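*Asks:* Below are the sequence and a predicted model; questions follow.
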Amino acid sequence: LTGGIGFCSQNQRRLHFGLGTAGSVEKAEIVWTSGKKTIIESPAVGQVHKIKEQ
């Protein structure tokens with residue numbers, strides 16, 4: 001995800017992932033532009049997760 005801001009505009013920084021017929025997710029892995037990784041084990045489905053680089 002790359003969000004940007006311009007004159008009188010901005011982009012939403014929300015990603016939506018469809019799971020198809022799956023009812024759960026084993027893990028979510030985020031690789032930040034800095035090279036750091038964030039791994040979320042068994043994230044709840046059907047919810048919004050706010051994740052920040054640590």
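*Replies:* Structure's in. What do you need?

*Asks:* Quick one: classify the residue nearest the centre of the chain as helix, strand or coil.
*Replies:* Centroid check for the chain by CA atoms, centre = their mean gives Leu15 as the closest residue, at 5.5 Å. At Leu15 the chain is in coil, as set by DSSP: H, G, I helix; E, B strand; the rest coil.

*Asks:* got it, and Thr38?
*Replies:* Secondary structure for Thr38, judged by three-state DSSP, is strand.

*Asks:* Which pLDDT value goes with the residue nearest to the centre of the chain?
*Replies:* Note for Leu15: predicted pLDDT of 84.

*Asks:* in this protein, which spans are strands?
*Replies:* In the chain, the segments counted as strands under DSSP state E are 5-6, 9-10, 27-31, 37-41.

*Asks:* can I get those strands in JSON lines with distance to Val48?
*Replies:* For the C-beta atoms, the positions are set from N, CA and C on the backbone; glycine is no exception. Converted to JSON lines, the strands of the chain look like this (distance: least, CB to CB, whole Å):
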{"stretch": "strand 5-6", "distance to Val48": "21"}
{"stretch": "strand 9-10", "distance to Val48": "18"}
{"stretch": "strand 27-31", "distance to Val48": "13"}
{"stretch": "strand 37-41", "distance to Val48": "13"}
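
*Asks:* Look up how far Val48 lies from Arg13.
*Replies:* From Arg13 across to Val48, the span is 12 Å (CB to CB, to the nearest Å).
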